[in-house]
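Peer 1: From the sequence below, what's the structure:
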Amino acid sequence: MLDRFAKNQAAAFRAAVTTKRTLLDSSINYMKTMRGWETAYFNDGGPGDKLLESHGLREIAIRNKAFAVKGLRIIFIDRAAKNKAHSYLHEVAHIVLKHDFDALTLENEAEANEFADYLLKPHFSKSQIFTFIVTLSLGASLILHIPGIVHPGVAQAIPTSSHTMIHVDESSSDIVVITSSGAKYHKPGCTYVQNKTNIQE
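Peer 2: The predicted structure follows:
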């Protein structure tokens with residue numbers, strides 16, 4: 001779990017790079033302008049590959065999807081990596097959290113992974129969640145009520161047909177027994193009404 005310092009650093013970094021561009025592009029731009037770190041892609045035949053060759057870093061590049069070289073202030077990232085953003089932000093974490101590049105521990109690596117995960121997973125404050133729920137509720141309410149506002153006839157009840165009286169011949173099957181409260185009725189032969197005193201025929 002990220003400690004308070006690391007979580008605050010991740011939140012501050014996230015706030016600094018949250019723009020309309022992708023998180024990876026924003027992070028690269030932030031690291032260049034605010035921290036002075038360049039980013040170079042490799043495995044694409046471009047300038048990053050030439051930098052690797054000229055500084056003897058090809059062996060490191062073979063073993064890693066991304067890595068940072070403190071002396072050059074360059075973060076190298078494999079253009080073919082499947083999860084470039086996570087790999088890049090992992091290296092950013094080492095820089096932002098001031099890890100010792102010469103003696104990275106398993107704890108440092110785990111912390112850098114958590115830092116990257118924290119930045120990549122969506123986080124919403126309680127006020128953002130509340131605002132979303134209120135907005136959604138208002139939207140649903142409007143959708144349900146607009147037809148009645150725009151076309152008042154839609155909201156009115158549909159008139160029912162007039163009641164028609166029909167004549168029914170009374171027969172023995174039409175006789176029912178009603179309880180004295182008038183709430184229940186039964187046929188005369190029903191076992192529930194036999195020998196009862198609170199009934200009317």
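Peer 1: May I see the buried residues of stretch 99-119?
Peer 2: Within stretch 99-119, the residues that qualify as buried are 99, 108, 111-112, 114-116, 118-119, counting by 16 or more other CB atoms under 10 Å. C-beta here means a position set from N, CA and C on the backbone, and glycine is covered the same way.
Peer 1: Give me the subset of these lying in helices.
Peer 2: If you go by DSSP state H, the buried residues of stretch 99-119 have 108, 111-112, 114-116, 118-119 in helices.
Peer 1: Among these, which one lies nearest to residue 190?
Peer 2: Ranked by distance to residue 190 (CB to CB), these are led by residue 118 at 71.3 Å.
Peer 1: so who does the spatially closest residue to that closest one that is not a sequence neighbour touch?
Peer 2: Using CB to CB, 6 or more residues apart in numbering and skipping residues adjacent in sequence, the residue nearest residue 118 is residue 10, 4.6 Å away. Contacts for residue 10 (CB atoms under 8 Å, 6 or more residues apart in numbering) come out as 2, 93, 96, 115, 118-119.
Peer 1: which among the residues you listed gets closest to residue 58?
Peer 2: Using CB to CB, residue 93 comes nearest to residue 58 of these, at 24.4 Å.
Peer 1: Which pLDDT value goes with that closest one?
Peer 2: What the model reports as pLDDT for residue 93 is 92.
Peer 1: Equivalent analysis for residue 182, please.
Peer 2: With respect to pLDDT, residue 182 scores 68.
Peer 1: for residue 136, same thing?
Peer 2: pLDDT, residue 136: 77.
Peer 1: Kindly report the same for the one 10 residues further on.
Peer 2: pLDDT, residue 146: 69.
Peer 1: again with residue 46
Peer 2: On pLDDT, residue 46 comes in at 91.
Peer 1: Now do the same contact list for it.
Peer 2: Taking CB under 8 Å, 6+ apart, one finds residue 79 in contact with residue 46.
Peer 1: Quick check: the gap between it and residue 81.
Peer 2: Remark: distance between residue 46 and residue 81 (CB to CB, to the nearest Å) = 15 Å.
Peer 1: Kindly report the same for residue 52.
Peer 2: The value you get for residue 52 to residue 81, if CB to CB is used, is 15 Å.
Peer 1: And these two? Which one has more around it.
Peer 2: Taking neighbours as other CB atoms under 10 Å, residue 52 and residue 81 compare with residue 52 leading, 21 against 17.
Peer 1: Now do the contacts for the more buried one.
Peer 2: By CB under 8 Å, 6+ apart, residue 52 lies in contact with 42, 58, 61, 76.
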